[in-house]
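K.L.:
Got a sequence here, can you model it:
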Amino acid sequence: MMKKNNKKKRPTLQDVANLIGVTKMTISRYLRDPSKVSADMQKKIAVAVEELGYIPNRAPELLSNAKSHAIGILVPSLANQVFSQVIRGIERVTEAAGYQTMLAHYGYSAEREEERISFLLSYHIDGLILSESQHTPRTLKMIATADVPVIEMMDTVSPAIEQAIGIDNFDGGYQMVSAMIEKGYKNIVYLGARLDIRTQLRLQGYEKAMQENGLQAKSVMTEAPSSFSLGADLLQKTLTKYPQIDGIFCTNDDLATGAVFECQRQGIRIPQDIAIAGFHGHDFGQSMVPKLATVVTPREKIGQVTAEQLIARINGDPLTEKIIDLGFEIYHGESI
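P.N.:
The predicted structure is shown next:
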């Protein structure tokens with residue numbers, strides 16, 4: 001059975017020009033170099049581009065209405081081991097299906113994500129995989145204009161544009177901290193970095209577990225990128241600010257591992273003096289002594305299922321599951 005082609009027509013240079021009442025050449029000059037038009041015209045064109053969700057076209061005209069067999073992938077960091085494993089899961093599926101991947105990273109910046117998405121969509125990619133659930137208004141407008149399937153991965157709690165695949169980060173935080181409390185720890189502090197939506201959701205899960213047990217929630221947070229050294233630094237700050245702590249729950253295994261190393265440097269026993277738990281279940285955490293307690297997440301499977309769902313929708317299959325939660329495992333290790 002032939003599939004209907006209901007794809008919306010993208011706004012063109014002429015559409016932008018018509019909205020303002022100028023020539024297409026004026027718009028083209030602005031897009032090449034905004035200083036080539038007056039300051040007043042710059043403002044008018046910027047508003048029109050925003051209103052229409054205009055996306056530059058870098059693909060040859062011949063390909064503009066055809067499949068590119070390319071998928072755009074946005075991740076916040078290429079250095080983050082979480083996303084390298086997710087990408088591996090994606091590409092295992094895309095390569096077998098004959099699709100190329102166009103990868104971009106945005107450093108946890110919504111504005112940079114907007115720029116990268118504009119660039120990817122300008123090549124008429126067939127689908128888009130995002131790693132965030134919060135976007136600028138222009139990003140949302142461009143995605144609606146492009147009219148390609150889009151999936152947001154890693155978080156299943158936040159509202160999705162079309163489809164979300166990943167885990168419940170709120171519940172992951174709640175379950176791990178509940179497990180720590182059941183073991184007798186009462187003065188648990190949350191350590192967070194980057195302050196992205198997933199870090200915030202894990203914080204909220206931590207806070208719920210603490211409040212349900214009549215315990216005071218405390219956190220030490222920073223916008224700096226995660227690392228072992230940052231974990232050590234945050235532990236030092238925590239010991240100064242909250243000297244009575246008996247446990248820490250970290251937003252990821254990087255911070256938790258750094259905290260473990262710092263405890264060992266200071267002669268603090270784990271878990272006798274301080275219990276430490278992380279998030280994601282990286283191999284390095286299981287190679288340490290003591291083995292790190294962590295929330296084990298299925299990173300590669302998230303990538304695999306995301307790619308399978310996206311390609312199915314590119315090929316015309318209907319969207320049947322708006323949310324696909326792949327779950328997690330609470331691993332106690334030896335550090336709690």
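K.L.:
which residues of the stretch 51-200 of the chain score low on pLDDT?
P.N.:
Under the criterion pLDDT under 70, the flagged ranges of the stretch 51-200 of the chain are 58-66.
K.L.:
At which residues are the strands of it located?
P.N.:
Taking DSSP state E, counting those that start in this stretch, the strands of the stretch 51-200 of the chain run over residues 70-75, 100-105, 127-130, 150-155, 164-167, 188-193.
K.L.:
Quick one: the helices in this protein, in order.
P.N.:
13-20, 24-32, 39-52, 81-97, 110-121, 137-146, 169-182, 197-212, 228-241, 253-266, 283-286, 299-314 (DSSP state H).
K.L.:
helices or strands next to the fifth one in the packing?
P.N.:
For helix 110-121, the contact count by 3 or more C-beta pairs under 8 Å, 6 or more residues apart in numbering; DSSP states H and E identifies strand 70-75, strand 100-105, strand 127-130, helix 137-146 as packing neighbours. The C-beta positions use only the backbone N, C-alpha and C, and glycine is treated the same way.
K.L.:
re the thing from before, can I get the strands of the stretch 51-200 of the chain in a markdown table with distance to residue 213 and mean neighbour count?
P.N.:
Listed next are those as a markdown table, based on distance: least, C-beta to C-beta, whole Å; neighbours: other C-beta atoms under 10 Å:
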| stretch | distance to residue 213 | mean neighbour count |
| --- | --- | --- |
| strand 70-75 | 36 | 24 |
| strand 100-105 | 39 | 16 |
| strand 127-130 | 36 | 24 |
| strand 150-155 | 25 | 25 |
| strand 164-167 | 23 | 26 |
| strand 188-193 | 10 | 26 |
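K.L.:
wait, which of these is closest to residue 281?
P.N.:
Closest approach to residue 281 among the strands of the stretch 51-200 of the chain (C-beta to C-beta): strand 164-167, 11.4 Å.
K.L.:
who touches that closest one?
P.N.:
133, 151-156, 158, 297-298, 302, 305-306, 309, 322-328 (C-beta atoms under 8 Å, 6 or more residues apart in numbering).
K.L.:
Tell me which of the helices and strands packed on helix 110-121 lies nearest to residue 184.
P.N.:
strand 70-75 (38.5 Å).
K.L.:
That closest one versus strand 150-155: what angle between them?
P.N.:
When axes from the mean of the first three to the mean of the last three C-alpha atoms, to 10 degrees is applied, the directions of strand 70-75 and strand 150-155 differ by 30 degrees.
K.L.:
Okay, now the sheet partners of strand 70-75, with direction.
P.N.:
strand 100-105 (parallel), strand 127-130 (parallel) (DSSP bridges).
K.L.:
quick one: contacts of the first one?
P.N.:
The reference is to strand 100-105. Here strand 100-105 makes contact (C-beta under 8 Å, 6+ apart) with 69-78, 87, 90-91, 94, 116, 119-120, 123, 125.
K.L.:
residues in contact with the most centrally placed residue in the chain?
P.N.:
Centroid check for the chain by C-alpha atoms, centre = their mean gives residue 131 as the closest residue, at 3.0 Å. Applying C-beta under 8 Å, 6+ apart, one finds that residue 131 lies in contact with 74, 75, 76, 83, 86, 152, 153, 154.
K.L.:
Could you dump the strands paired with strand 70-75 into TSV and include distance to residue 285?
P.N.:
Below are the strands paired with strand 70-75 laid out as TSV (distance: least, C-beta to C-beta, whole Å):
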stretch	distance to residue 285
strand 100-105	24
strand 127-130	27
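K.L.:
Does residue 250 touch residue 280 like I think?
P.N.:
No: with contacts defined as C-beta atoms under 8 Å, residue 250 does not count as touching residue 280, sitting 10.0 Å away.
K.L.:
Comparing those two, which shows the higher neighbour count?
P.N.:
residue 250 (29 against 22; other C-beta atoms under 10 Å).
K.L.:
Since that was my last question, I'll sign off now.
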